[in-house]
Structure formats: C-alpha cells, structure tokens
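Participant: got a sequence here, can you build the structure:
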Amino acid sequence: MILVFVDHEAGVPDVLSLEALTFARRLAGSTGVPLEAVVFGSDPMPERLGAFGVATVRAIADDRLEDYAPAAWAKGILDVMEADTPLAILASGSDRGNEVMAHVAAQADLALAANCIDVEPGDPYVITRLRWGGSLLEEAQLSGRCKLMTVAPHALVPEETTPTTPQVRNVAPVLSEDHFRVRVTGREAPEGGRISLADARVVVGGGRGVGSAEGFRSLDELASLLGGAVGVSRAVTNQGWRPHAEQVGQTGTRIAPDLYIACGISGASQHIVGCKGAKKILAINTDPEASILAHADYAVIADLHEVVPALVEEIRRL
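Facilitator: Just a heads-up that it's a prediction; the model follows:
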C-alpha cells in the first residue's frame with residue numbers, strides 16, 4: 001500500500017493533504033497497490049477521502065490526539081508502518097507534514113525526501129524535488145524499506161477520482177507522556193470573518209512601497225471588497241508595520257490564490273517563492289524595472305496610493 005498522512009481541521013481535509021493524496025494516488029496506480037490514509041481524531045472522513053480514491057482509512061482516535069502533538073502523531077504512523085509495511089508514506093509539505101514526517105524518519109532510521117514534485121517507482125525510487133526555495137530542481141534516488149516523502153505545496157492541483165467506499169480500520173497506538181511534551185494546549189481564534197491567507201482566493205500584497213503601517217488602510221479595504229486577505233513582504237514585517245503571520249514568501253506563507261495583487265513589492269526571490277503558485281499576478285509599481293514584473297501577468301506602472309483608491313472607488317461603484 002501507499003499511505004498518506006491526511007491533516008484536517010474539524011473534519012475538513014487540508015488542501016495540501018488533498019494535493020498529497022492526488023500525488024500518492026498516481027504513485028499507487030503505477031505500483032499496482034492500494035491507496036490508504038491515516039487520520040487523527042474522531043472523524044475519519046471516509047466519504048471525503050473516498051472521493052480521492054482511498055481504499056482504507058486508518059483512524060487513530062485517542063482523546064489526547066484530537067489536537068496536534070507531533071511526536072504522538074508520528075508514533076501512530078510508525079505503528080501502522082510496523083504492522084503493515086507500506087511501500088511509501090507521504091504527507092503534505094506543510095509545517096505539520098514536514099514536522100511529523102521528520103519524527104517518523106528519525107525514529108524509523110529512514111531517509112525523508114521533502115518537497116517532492118515527481119516520483120518514478122523502482123529500486124530505488126527516482127524523485128524530483130524542489131530545492132533552494134523552488135529555484136532548483138533536484139533529481140535524487142530514495143532507498144529504504146519504506147520510502148518517506150513530503151509533497152511540495154501547490155506542486156499540483158487536487159483531483160478527485162471515481163469515488164470509493166473506504167474501509168475504516170481503528171488503530172490504537174501505544175503512547176507515553178513523553179510523546180506529548182510538545183502539543184497544542186489551546187487556540188486563539190482570529191478576528192471574526194477574517195480569511196486565512198493560505199486559503200484566500202484573492203490576496204492583496206503590500207511591500208516597502210506602501211510606505212507605512214497607515215498606508216495599508218486602502219489595501220485592507222480592497223482586500224475586504226474582493227473577499228480576500230492581505231499579505232506582505234518581509235521588508236514590511238521587518239519594519240513592524242504588519243505581523244509575521246501575513247508574510248508571503250520562503251520564510252512566510254506560500255499562497256496559491258486565483259489573483260495576487262502585488263502593491264509596491266520589488267519581487268525579491270524569497271517573496272516570489274511564496275507567491276508563484278498564484279494563477280494570475282497583477283503588479284502595481286512605480287519602477288518599470290522591478291523584478292516582480294517578470295513574474296506578473298499584468299502590470300500597472302504607477303503610484304499604488306493613486307491606483308488602489310481608484311480601484312476601491314470603482315469596485316464600490318459597481
């Protein structure tokens with residue numbers, strides 16, 4: 001079997017996990033083995049996972065596992081691995097996916113290939129993965145009794161297939177208190193109605209060219225009118241104008257909206273890594289030589305403080 005760790009929020013699978021399932025389904029098809037999923041929490045989501053071709057769901061339910069505990073989650077995956085020896089275990093290349101799989105790799109003494117975008121099964125597997133923030137493609141060989149991989153975020157689009165009716169198998173891992181030394185103990189809800197940057201269909205980005213924290217008021221208004229979220233460059237967070245949670249880039253959030261409006265952003269390579277998954281990019285910049293323009297589908301060479309309020313006014317009129 002090919003096993004996929006599926007992360008979810010209150011019974012809704014993470015989009016990156018659905019991408020990993022799509023990637024793994026292709027691998028399972030080429031190796032002639034079933035696709036299975038491992039899920040933590042009380043809801044194994046069989047119908048949702050069946051839409052992606054999952055034959056069996058390994059449901060790991062324990063009151064202590066309802067929220068994130070990386071070492072404990074890794075132990076659950078290890079117990080499945082030791083019992084059934086999958087050909088490969090995959091997860092999304094999210095913060096959680098990479099952390100949990102790193103625990104699995106360390107405890108199982110196996111190699112982990114991160115940020116994969118393609119794989120050719122064999123002995124060994126030949127994998128293609130992103131390196132240096134996505135600016136380099138590496139072809140490597142992956143060996144081991146079980147191949148461990150994470151799938152690069154937004155490397156492919158999640159695709160449903162002919163629905164299956166997965167069998168649900170309960171797994172009861174043997175856990176100690178040591179497995180819970182790192183865990184989520186509480187959550188703080190975001191401001192009411194606020195859209196997650198990672199999930200937003202439209203992102204309005206602001207860079208050094210915005211000029212100040214106050215300069216983001218028109219960007220906030222534009223994002224609100226478009227039902228989107230505001231993202232920023234590293235220069236903005238360094239200035240303290242906006243929180244790091246809004247940073248788009250290699251050291252921030254990687255986004256894949258339908259539209260990214262980049263306002264006053266020069267286009268440093270670290271920022272491009274974070275926004276290159278956008279389907280369309282509109283750049284607003286006074287510098288016709290700005291690097292962001294090489295990646296933009298559309299550009300307005302003008303002062304964002306004139307263009308953005310004009311956009312807001314026109315959208316309100318419509």
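Participant: and Ala114, how many neighbours does it have?
Facilitator: 19 (other C-beta atoms under 10 Å). The C-beta positions use only the backbone N, C-alpha and C, and glycine is treated the same way.
Participant: ok, for it, nearest residue in space, not its chain neighbours?
Facilitator: Thr150 (4.8 Å; C-beta to C-beta, 6 or more residues apart in numbering).
Participant: in its sheet, which strands sit next to the helix or strand that contains the one you found, and in what direction?
Facilitator: Thr150 is part of strand 147-151, with elements assigned from DSSP states H and E. Sheet pairing here is set by DSSP bridges, and for strand 147-151 it gives strand 88-92 (parallel), strand 112-120 (parallel).
Participant: OK, contacts around Leu110?
Facilitator: Leu110 makes contact with 104, 144-146, 148, according to C-beta atoms under 8 Å, 6 or more residues apart in numbering.
Participant: can you check Ser30 too?
Facilitator: With C-beta under 8 Å, 6+ apart, Ser30 has these contacts: Pro121.
Participant: what do you get for Val171?
Facilitator: 38, 58-60, 76, 79-80.
Participant: which ones among the residues you listed lie within strands?
Facilitator: Within the contacts of Val171, residues falling in strands by DSSP state E are 38, 58-60.
Participant: which member of those residues is positioned nearest Glu66?
Facilitator: Glu66 has its nearest neighbour among the ones in strands among the contacts of Val171 in Ile60, at 10.6 Å by C-beta to C-beta.
Participant: what sits opposite the closest one in the beta ladder?
Facilitator: Under the criterion used (DSSP bridges), Ile60 bridges to Phe40, Val171.
Participant: that one against Asp43, yeah?
Facilitator: No. Using C-beta atoms under 8 Å, Ile60 is not in contact with Asp43; the gap is 11.7 Å.
Participant: which one's more surrounded, these two?
Facilitator: Each of Ile60 and Asp43 has its neighbours counted (other C-beta under 10 Å); Ile60 has more, 24 against 15.
Participant: ok, that one to Pro46 distance?
Facilitator: Remark: distance between Ile60 and Pro46 (C-beta to C-beta, to the nearest Å) = 14 Å.
Participant: helix, strand or coil for Leu16?
Facilitator: Three-state assignment for Leu16 (DSSP: H, G, I helix; E, B strand; the rest coil): helix.
Participant: and for Gly53?
Facilitator: coil.
Participant: for it, give me its contacts.
Facilitator: 21, 25, 28, 35, 161-162, 164.
Participant: any idea how far it is from Lys276?
Facilitator: Counting by C-beta to C-beta - Gly53 and Lys276 are separated by 28 Å.
Participant: quick one, phi/psi of the closest residue to Ile89 other than its chain neighbours?
Facilitator: Leaving aside its sequence neighbours, Ile89 sits nearest to Leu3 (C-beta to C-beta, 6+ apart; 4.7 Å). Note on Leu3: its backbone torsions stand at phi -110, psi 140 [degrees, to the nearest 10].
Participant: follow-up on the earlier one: which one of the contacts of Val171 is nearest to Asn170?
Facilitator: Ala59 (5.3 Å).
Participant: and the closest one, how far from Leu49?
Facilitator: 11 Å.
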